[in-house]
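Q: have a look at this prediction, sequence included:
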Amino acid sequence: MSSVMGFTPEQQKDSEAVLNNIFNRKSVRSYTDQPVSTEQVETLLRAAMAAPSARNLQAWRFVVVTEPAIKEKLAVGFNKMIAKAPVAIVICGQTLKADGEPNNNWTADCAAATENLLLAAEALGLGAVWTACYPYDDRMNPAIEALGLPTDVMPYCIVPVGHPAKDEKPKDKWNPANIHYEKW
(Lines give C-alpha, C1' and ligand atoms only; values in the text may rest on other atoms or scores of the structure.)
Protein backbone atom coordinates (compact mmCIF):
# COMPACT_ATOMS: atom_id res chain seq x y z
CA MET A 1 0.00 0.00 0.00
CA SER A 2 1.37 3.41 -0.96
CA SER A 3 1.01 6.78 0.69
CA VAL A 4 2.38 10.25 -0.09
CA MET A 5 4.81 10.42 -3.07
CA GLY A 6 4.56 6.68 -3.63
CA PHE A 7 6.18 5.87 -0.28
CA THR A 8 5.05 2.94 1.77
CA PRO A 9 3.78 3.95 5.22
CA GLU A 10 7.12 2.84 6.70
CA GLN A 11 9.09 4.90 4.17
CA GLN A 12 6.83 7.89 4.86
CA LYS A 13 7.47 7.51 8.61
CA ASP A 14 11.24 7.32 8.02
CA SER A 15 11.27 10.38 5.75
CA GLU A 16 9.24 12.36 8.28
CA ALA A 17 11.69 11.38 11.04
CA VAL A 18 14.63 12.62 8.95
CA LEU A 19 12.92 15.90 8.10
CA ASN A 20 11.83 16.42 11.71
CA ASN A 21 15.44 15.91 12.83
CA ILE A 22 16.64 18.51 10.32
CA PHE A 23 13.94 21.04 11.28
CA ASN A 24 14.49 20.48 15.02
CA ARG A 25 18.29 20.90 14.95
CA LYS A 26 19.30 23.78 17.14
CA SER A 27 22.44 25.45 18.43
CA VAL A 28 22.96 24.43 22.05
CA ARG A 29 25.51 26.44 24.03
CA SER A 30 24.97 25.23 27.61
CA TYR A 31 25.29 21.69 28.90
CA THR A 32 24.70 19.61 32.00
CA ASP A 33 27.53 17.76 33.73
CA GLN A 34 26.23 14.44 32.38
CA PRO A 35 28.96 12.76 30.35
CA VAL A 36 28.71 11.92 26.66
CA SER A 37 29.46 8.23 26.18
CA THR A 38 32.22 6.90 23.96
CA GLU A 39 29.50 5.12 21.96
CA GLN A 40 27.72 8.43 21.37
CA VAL A 41 30.98 10.08 20.29
CA GLU A 42 31.67 7.22 17.87
CA THR A 43 28.15 7.54 16.44
CA LEU A 44 28.72 11.27 15.90
CA LEU A 45 32.02 10.58 14.13
CA ARG A 46 30.51 7.81 11.99
CA ALA A 47 27.75 10.21 10.93
CA ALA A 48 30.32 12.92 10.16
CA MET A 49 32.30 10.51 7.99
CA ALA A 50 29.15 9.50 6.10
CA ALA A 51 29.07 13.01 4.59
CA PRO A 52 29.63 13.65 0.91
CA SER A 53 33.22 14.36 -0.04
CA ALA A 54 34.60 16.18 -3.08
CA ARG A 55 36.35 13.66 -5.30
CA ASN A 56 35.94 11.28 -2.34
CA LEU A 57 39.16 12.62 -0.80
CA GLN A 58 37.57 12.58 2.67
CA ALA A 59 39.78 15.46 3.79
CA TRP A 60 38.13 15.63 7.21
CA ARG A 61 40.12 14.80 10.32
CA PHE A 62 38.76 14.86 13.87
CA VAL A 63 40.25 15.55 17.27
CA VAL A 64 38.05 14.55 20.21
CA VAL A 65 38.85 16.58 23.31
CA THR A 66 37.64 15.78 26.82
CA GLU A 67 40.62 17.13 28.80
CA PRO A 68 39.49 20.33 30.59
CA ALA A 69 42.83 22.12 30.16
CA ILE A 70 42.79 21.59 26.38
CA LYS A 71 39.12 22.61 26.07
CA GLU A 72 39.98 25.78 28.00
CA LYS A 73 42.68 26.63 25.42
CA LEU A 74 40.15 26.12 22.62
CA ALA A 75 37.54 28.36 24.29
CA VAL A 76 38.51 31.72 22.78
CA GLY A 77 36.37 34.72 21.89
CA PHE A 78 32.70 33.86 21.55
CA ASN A 79 33.47 30.13 21.90
CA LYS A 80 33.59 30.08 25.72
CA MET A 81 31.02 27.26 25.86
CA ILE A 82 33.69 24.84 24.60
CA ALA A 83 35.30 24.79 28.06
CA LYS A 84 32.02 23.76 29.74
CA ALA A 85 31.01 21.01 27.29
CA PRO A 86 31.82 17.41 28.24
CA VAL A 87 33.28 16.85 24.76
CA ALA A 88 34.63 19.11 22.04
CA ILE A 89 35.09 17.70 18.56
CA VAL A 90 37.50 19.67 16.42
CA ILE A 91 36.78 19.17 12.73
CA CYS A 92 39.99 19.66 10.79
CA GLY A 93 40.84 19.49 7.11
CA GLN A 94 43.74 17.85 5.33
CA THR A 95 44.78 20.73 3.09
CA LEU A 96 47.04 18.69 0.80
CA LYS A 97 46.19 15.70 -1.38
CA ALA A 98 48.32 12.55 -1.28
CA ASP A 99 50.38 13.88 -4.20
CA GLY A 100 51.23 17.04 -2.23
CA GLU A 101 49.00 19.28 -4.35
CA PRO A 102 46.56 21.62 -2.56
CA ASN A 103 43.14 20.19 -1.77
CA ASN A 104 40.89 23.14 -2.59
CA ASN A 105 37.79 21.29 -1.42
CA TRP A 106 38.76 20.57 2.18
CA THR A 107 36.45 23.26 3.57
CA ALA A 108 33.45 21.84 1.71
CA ASP A 109 34.21 18.34 3.02
CA CYS A 110 34.55 19.68 6.57
CA ALA A 111 31.30 21.65 6.31
CA ALA A 112 29.36 18.58 5.16
CA ALA A 113 30.90 16.45 7.92
CA THR A 114 30.06 19.11 10.51
CA GLU A 115 26.42 19.27 9.47
CA ASN A 116 26.12 15.49 9.62
CA LEU A 117 27.66 15.53 13.10
CA LEU A 118 25.21 18.22 14.26
CA LEU A 119 22.23 16.29 12.89
CA ALA A 120 23.46 13.11 14.59
CA ALA A 121 23.77 15.01 17.89
CA GLU A 122 20.15 16.14 17.53
CA ALA A 123 19.03 12.58 16.76
CA LEU A 124 20.83 11.31 19.89
CA GLY A 125 19.19 13.95 22.09
CA LEU A 126 22.50 15.75 22.58
CA GLY A 127 23.16 19.44 22.26
CA ALA A 128 25.86 20.86 20.01
CA VAL A 129 26.84 24.06 18.24
CA TRP A 130 29.09 24.89 15.30
CA THR A 131 31.81 27.30 16.45
CA ALA A 132 34.04 28.68 13.73
CA CYS A 133 37.82 28.40 13.58
CA TYR A 134 38.71 28.80 9.91
CA PRO A 135 39.55 31.39 8.56
CA TYR A 136 40.08 33.35 11.80
CA ASP A 137 43.71 33.36 12.95
CA ASP A 138 42.72 34.24 16.52
CA ARG A 139 40.71 30.99 16.66
CA MET A 140 42.82 28.75 14.44
CA ASN A 141 46.17 29.46 16.07
CA PRO A 142 45.12 28.44 19.61
CA ALA A 143 43.63 25.22 18.21
CA ILE A 144 46.72 24.45 16.13
CA GLU A 145 48.93 24.98 19.18
CA ALA A 146 46.74 23.22 21.75
CA LEU A 147 46.21 20.17 19.53
CA GLY A 148 49.66 19.98 17.96
CA LEU A 149 48.23 19.90 14.44
CA PRO A 150 50.61 19.17 11.56
CA THR A 151 51.19 22.02 9.07
CA ASP A 152 48.94 20.44 6.42
CA VAL A 153 45.95 20.09 8.77
CA MET A 154 43.79 23.14 9.52
CA PRO A 155 41.13 23.44 12.23
CA TYR A 156 37.86 24.19 10.45
CA CYS A 157 35.48 24.39 13.41
CA ILE A 158 34.92 23.13 16.92
CA VAL A 159 31.68 21.46 17.97
CA PRO A 160 31.11 21.33 21.73
CA VAL A 161 28.78 18.46 22.59
CA GLY A 162 26.81 17.66 25.72
CA HIS A 163 23.40 17.12 27.19
CA PRO A 164 21.40 20.35 26.88
CA ALA A 165 21.06 22.34 30.11
CA LYS A 166 18.06 24.27 28.75
CA ASP A 167 15.08 23.47 26.56
CA GLU A 168 16.39 25.19 23.42
CA LYS A 169 14.05 25.73 20.48
CA PRO A 170 15.01 25.56 16.80
CA LYS A 171 14.90 28.75 14.73
CA ASP A 172 12.69 28.93 11.66
CA LYS A 173 15.10 30.20 9.01
CA TRP A 174 12.77 29.71 6.03
CA ASN A 175 12.90 32.81 3.85
CA PRO A 176 11.37 32.61 0.36
CA ALA A 177 13.09 35.91 -0.53
CA ASN A 178 16.36 33.96 -0.72
CA ILE A 179 15.07 31.70 -3.50
CA HIS A 180 15.29 32.35 -7.23
CA TYR A 181 14.03 30.08 -10.00
CA GLU A 182 15.66 29.75 -13.39
CA LYS A 183 17.44 33.15 -13.14
CA TRP A 184 18.32 35.65 -10.43
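A: Perfect, I can see it now. Numbers count the residues shown, from 1 in each chain.
Q: roughly how far does the residue nearest to residue 162 when sequence neighbours are not counted sit from residue 47?
A: In this structure, residue 162 finds its nearest non-sequential neighbour in residue 31, 2.9 Å apart by Cβ to Cβ, 6 or more residues apart in numbering. Placement of C-beta: from N, CA and C, glycine included. Using Cβ to Cβ, to the nearest Å, we find residue 31 at a distance of 19 Å from residue 47.
Q: cool, residue 134 as well?
A: Applying Cβ to Cβ to residue 134 and residue 47 gives a distance of 21 Å.
Q: what's the answer for residue 32, then?
A: 22 Å.
Q: so for the two, which sits in the more crowded spot?
A: When residue 32 is set against residue 47 and neighbours are counted by other Cβ atoms under 10 Å, the residue ahead is residue 47, at 19 against 13.
Q: which helix or strand contains the nearest residue to the more buried one once chain neighbours are set aside?
A: Excluding the flanking residues, the one nearest residue 47 by Cβ to Cβ, 6+ apart is residue 120, at 3.5 Å. Using DSSP states H and E, the element containing residue 120 is helix 106-123.
Q: immediately after that helix, which helix or strand?
A: The helix or strand immediately downstream of helix 106-123 is strand 127-128, counting by DSSP H and E.
Q: for that following strand, give me every contacting residue.
A: Defining contact as Cβ atoms under 8 Å, 6 or more residues apart in numbering, one finds that strand 127-128 is touched by 26-31, 117-118, 121-122, 159-165, 168.
Q: in strands only, show me the residues you listed.
A: When the contacts of strand 127-128 are checked against strands (DSSP state E), the matches are 159-162.
Q: of these, closest to residue 180?
A: Comparing these against residue 180 with Cβ to Cβ picks out residue 159 as the nearest, at 31.4 Å.
Q: and for that closest one, the neighbour number?
A: Residue 159 has 22 neighbouring residues, counting by other Cβ under 10 Å.
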